[in-house]
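In: pasted the sequence and its predicted model underneath.
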Amino acid sequence: MILSNDRDRDRWSQVGPAAEHGAANLGVIAYTAAFTAGRPWLDDVIAYLERNRRTLAELVHDLLPGVAYTPPEGTHLAWLDVRDLGLGAQPAAFA
């Protein structure tokens, strides 16, 4: 926050902590909506991610011999293990 005069600085010193460290109105509304009506959305996202995990596992198994994949348990990220491909100590340099 950049304050350009003493009057604003004095006012901010009175209300600033509430604005800086409290919840914003939009945040409170979003939080309330998520916990009261967000279950269908969350269920859809979880199902979508699970389908993606299964699809990736099938693709790795069918199309990428020597590549291992362990489905993640707590993230949407996927990591492929390419150690068995013999790419050396610096696989990014593989040509």
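Out: Noted; the coordinates are in hand. Computed from a predicted model, the values in this text were never measured in an experiment.
In: count of neighbours near L49?
Out: 14 (other Cβ atoms under 10 Å). The C-beta positions use only the backbone N, C-alpha and C, and glycine is treated the same way.
In: secondary structure element holding it?
Out: helix 39-63 (DSSP states H and E).
In: which elements pack onto that helix?
Out: strand 68-69 (3 or more Cβ pairs under 8 Å, 6 or more residues apart in numbering; DSSP states H and E).
In: could you say what helices and strands the next helix or strand after the strand it packs on packs with?
Out: As assigned by DSSP H and E, the chain's next helix or strand after strand 68-69 is strand 80-81. Packing partners of strand 80-81 (3+ Cβ pairs under 8 Å, 6+ apart): strand 68-69.
In: coming back round to it: just how off-centre is the helix holding L49 within its chain?
Out: How far helix 39-63 lies from its chain's middle: 16 Å, per Cα atoms, centre = their mean, to the nearest Å.
In: in that helix, what's buried?
Out: For helix 39-63, a neighbour-count test (16 or more other Cβ atoms under 10 Å) marks R53, V60 as buried.
In: now what about that helix, what contacts it?
Out: With contacts defined as Cβ atoms under 8 Å, 6 or more residues apart in numbering, helix 39-63 is touched by V67, A68, Y69, P71, P72, H76, A78, L80.
In: I'm done for today, thanks for sticking with me.
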